[in-house]
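Undergrad: Need coordinates for the following:
(2 chains)
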Protein chains: 2
Amino acid sequence: MLQQDPNAEPQITRQCFRRRYPETDFYEEKNRDKVRNHTYKSAIEYHADNIRNKVVLDLGCGTGILSILCAKAGARKVYAVDAGTDIASQVANIVDANGLSHVIIVVRGRFEDLEINEDVDVIVSEWMGQMLLGEDMLLRVITARDRWLKPGGVILPSSGTLFMAPFTNFERYCEKVEFWLDVAEIDMSPMISFTEQNAFASPNVDRINDENLLADPQVVKHVNCYSITIPELMSIGESFSMKTLKQGRVNGFAFWFNAEFTGLRQEEEQLSALDRMDSALVLCTGPSVPPTHWEQTLIYFPTTVQLERGRPFTGSVTLTQPTKHKWLMEIKLIYRSNNGDLVCKKQTDLFSPF
Amino acid sequence: MLQQDPNAEPQITRQCFRRRYPETDFYEEKNRDKVRNHTYKSAIEYHADNIRNKVVLDLGCGTGILSILCAKAGARKVYAVDAGTDIASQVANIVDANGLSHVIIVVRGRFEDLEINEDVDVIVSEWMGQMLLGEDMLLRVITARDRWLKPGGVILPSSGTLFMAPFTNFERYCEKVEFWLDVAEIDMSPMISFTEQNAFASPNVDRINDENLLADPQVVKHVNCYSITIPELMSIGESFSMKTLKQGRVNGFAFWFNAEFTGLRQEEEQLSALDRMDSALVLCTGPSVPPTHWEQTLIYFPTTVQLERGRPFTGSVTLTQPTKHKWLMEIKLIYRSNNGDLVCKKQTDLFSPF
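TA: So this is what the prediction gives:
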């Protein structure tokens, strides 16, 4: 059933992460995330009218939690699909333990090989990765939508919004670099610049809070799951112009996302619904709300930038998914100082272990 | 300078760990380990008479801490060798910052390509990995000894001892499995056996304490750095018979090591010196002493075993380094219950990220 990739490298690279982090740790982290569990549960219960007696597709079902919530909400049939080689048989046991094997059909295999012989009314999925798009699961949701979703069908979550804001995190920065000043009475200070170049070169998944933000967040991308296309996701570019709320040294940009469960079809309706929406129907992963396992994604600048209060901080961010290694995401950041001079261009990539 | 391995897989696998854990994190962890730093410092100062005006080889020098300590102890010349592509140029800066570039020669490259045109009086190295032998660095120390160490030369550390003892760690075990009983009001109990099979399948690097041990530790292997040979390291087998100190459920075996800085040549002298030795000259990584970054290596049994107090617990352990992937170590454990019946055979491997 599995196809051989002519260039085996990405498969191997993924595999070795699975080795270091047992598959159970991955599912454990997600299942321990009460904010995630609670929001999906509320959203599925809220949309029970659209789920009752309907056919649901749960893409990347993991331990099957979303499938079971949909079954409990009255779904007639749920396809629970996952490529995890070991998890699928566990899902069957979990479904059984909850007395739902007459509703939930567990399908084990790669999405690319998936065949469903009927259209579905609802697609549920937990596709959000680091910086919202960091895993390539959304591409599968889009493909599934175009192949199997009935007209008027529901997608949960219905949209996602990626935010960014400049942050200062000097304490963390010092913690990483300052101890090099004295190791066993030896001057290790040359390690400071080495640490600056290396430890903060790739995006850090870490937790900050509201006080770390130096400007109001800006939307990088709003992804409507009903209308977004794959080509649109391949390269996302957005310029920004932020007024700094306070003076401070910027360490870099923080990224996080919301996933919204509007459940509605039309984009205009969706956006207006967002304003009226129960906050329990928005899964927030930002710095000002209770933590989730996504935390925030921090992209550090090569050097800190001093910002004056109230002055604009401008630049652009581009997120590109390479066609070959879709699980990588290339990030290009250009930002300018207060007087408009180019301060820096930073190019890195976001690596998803799964 | 780098040779291409015909089978590239292990190189790729190693590389991807470097990616997830920036190289600096690896050095940071070691440099933050005060027990490690302090013991090496004491040992090098203790053996200053053997180092003064002598030629030293520091294998896998990392940030150069051991080279600098030897230079400070009066070495005439120190070869600081490391294959880390980025670290070597930092070491040169660190050496410079400490005013020792007239003593320390930084050699960047793989050990296999190393050429030194003189014999050395002292070899220092921090070669110890998980379960003492978990990285393949000791093989390089042995090769260097046979190629370059002068008769009567000193190796630091001079020997290493691997210990094992059965442990109980029920709390940690429960923490990993019990939360599955209720996730978002869904019965996830089938995940318990999945977790048992997966989370504890590979060796866990974790910290336990004396209370977790159910029997006195037993020596698995004493490695004398002066006399050990590479074939001897390729497969180490040891049977054990332990009297349990208290009744309890064994979760598995804990392994840890000591590294001893006797500095003497003869094995008999070394062993008797160990009894007389200043404890500051033994680097201990066991559960009853201050923690090191090595912690302990825990190999969990597939199921717990109930032990009665004072009854023997017997079996054997075999550690094999596969010729092809020397950075892997295969571990085979066979253990028998109180009445001599075979309880279990467990085979796993120890995976070193570096």
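
Undergrad: So, low pLDDT: which residues of the stretch 1-150 of chain A?
TA: Along the stretch 1-150 of chain A, segments meeting pLDDT under 70 span A:1-24, A:85.

Undergrad: residue in it nearest to chain B?
TA: The stretch 1-150 of chain A approaches chain B most closely through A:Asn93 (3.5 Å), counting by Cβ to the nearest Cβ. Just so you know, the C-beta spots here come from the backbone N, C-alpha and C atoms, and that holds for glycine as well.

Undergrad: Can you tell me, leaving aside adjacent residues, what's nearest to that residue?
TA: B:Pro190 (3.5 Å; Cβ to Cβ, 6 or more residues apart in numbering or on different chains).

Undergrad: Show the model's pLDDT score for that neighbour.
TA: Note on B:Pro190: pLDDT of 89.

Undergrad: can you give me phi and psi for it?
TA: phi -60, psi -20 (degrees, to the nearest 10).

Undergrad: wait, doesn't it sit right on A:Gln90?
TA: Yes - between B:Pro190 and A:Gln90 there is a contact under Cβ atoms under 8 Å: 5.5 Å.

Undergrad: Stretch A:133-140: how far from the chain's middle?
TA: 8 Å (Cα atoms, centre = their mean, to the nearest Å).

Undergrad: still on that earlier bit, the residue of the stretch 1-150 of chain A closest to chain B: neighbour count?
TA: Residue neighbour count, defined by other Cβ atoms under 10 Å in any protein chain shown, stands at 18 for A:Asn93.

Undergrad: And what about it, helix, strand or coil?
TA: helix (DSSP: H, G, I helix; E, B strand; the rest coil).

Undergrad: Quick check, it in contact with B:Asp187.
TA: No - using Cβ under 8 Å, A:Asn93 makes no contact with B:Asp187, being 10.2 Å away.

Undergrad: circling back: quick one: which of B:Pro190 and A:Gln90 has more around it?
TA: A:Gln90 (27 against 21).

Undergrad: measure the nearest residue to A:Val220 once chain neighbours are set aside to A:Leu139 for me?
TA: Nearest non-adjacent residue to A:Val220, counting by Cβ to Cβ, 6+ apart: A:Leu162, 4.4 Å away. Distance, A:Leu162 to A:Leu139, using Cβ to Cβ, to the nearest Å: 16 Å.

Undergrad: Please enumerate the strands of the stretch 151-300 of chain A.
TA: A:159-167, A:204-206, A:218-224, A:235-243, A:248-260, A:282-284, A:296-307 (DSSP state E, counting those that start in this stretch).

Undergrad: Neighbouring strands of the last one in the sheet, and parallel or not?
TA: So the one you mean is strand A:296-307. When pairing is defined by DSSP bridges, strand A:296-307 lines up against strand A:204-206 (antiparallel), strand A:248-260 (antiparallel).

Undergrad: circling back: mind putting the strands of the stretch 151-300 of chain A into CSV with distance to B:Gly129 and mean neighbour count?
TA: Listed next are these as CSV, based on distance: least, Cβ to Cβ, whole Å; neighbours: other Cβ atoms under 10 Å in any protein chain shown:
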stretch, distance to B:Gly129, mean neighbour count
strand A:159-167, 37, 23
strand A:204-206, 27, 15
strand A:218-224, 43, 19
strand A:235-243, 43, 15
strand A:248-260, 34, 24
strand A:282-284, 42, 21
strand A:296-307, 31, 19
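
Undergrad: how about those in TSV, adding distance to A:Leu181?
TA: Output for these, formatted as TSV (distance: least, Cβ to Cβ, whole Å):
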stretch	distance to A:Leu181
strand A:159-167	25
strand A:204-206	22
strand A:218-224	37
strand A:235-243	34
strand A:248-260	19
strand A:282-284	39
strand A:296-307	18
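
Undergrad: is the residue most central in space within chain A in a bridge, and if so with what?
TA: Geometric centre of chain A, nearest residue: A:Gly129, 2.4 Å, by Cα atoms, centre = their mean. For A:Gly129, the beta-bridge partners are A:Leu132 (DSSP bridges).

Undergrad: can I assume it is in contact with A:Gly160?
TA: No - between A:Gly129 and A:Gly160 there is no contact under Cβ under 8 Å: 10.5 Å.

Undergrad: Could I get the contacting residues of the residue nearest to A:Asn93?
TA: Applying Cβ atoms under 8 Å, 6 or more residues apart in numbering or on different chains, we find B:Pro190 in contact with A:Gln90, A:Asn93, A:Ile94, A:Asp96, A:Ala97.

Undergrad: swap in A:Ser316?
TA: Residues counted as contacts of A:Ser316 (Cβ under 8 Å, 6+ apart) are A:Gly237, A:Glu238, A:Ser239, A:Phe240, A:Leu333, A:Ile334.

Undergrad: cool, A:Ile68 as well?
TA: For A:Ile68, the contact set (Cβ under 8 Å, 6+ apart) comprises A:Ile94, A:Val95, A:Asn98, A:Leu100, A:Ile104, B:Ile186.

Undergrad: circling back: kindly provide the distance from the residue nearest to A:Asn93 to A:Ala92.
TA: Taking Cβ to Cβ, one finds B:Pro190 at 8 Å from A:Ala92.

Undergrad: pLDDT weak spots in the stretch 251-354 of chain A?
TA: A:265-279, A:326-327, A:337-344, A:351-354.

Undergrad: separation between A:Leu213 and A:Gly252?
TA: 12 Å.

Undergrad: cool, A:Gly237 as well?
TA: 19 Å.

Undergrad: And for A:Met191?
TA: Distance from A:Met191 to A:Gly252, by Cβ to Cβ: 20 Å.

Undergrad: Quick check: the residue of the stretch 101-250 of chain A nearest chain B.
TA: Closest point on the stretch 101-250 of chain A to chain B, by Cβ to the nearest Cβ, is A:Pro190, at 3.5 Å.

Undergrad: For beta bridges, what are the partners of the nearest residue to A:Lys221 once chain neighbours are set aside?
TA: Nearest non-adjacent residue to A:Lys221, counting by Cβ to Cβ, 6+ apart: A:Leu162, 4.7 Å away. Here A:Leu162 shows beta-bridge partners A:Lys221, A:Phe257, assigned using DSSP bridges.
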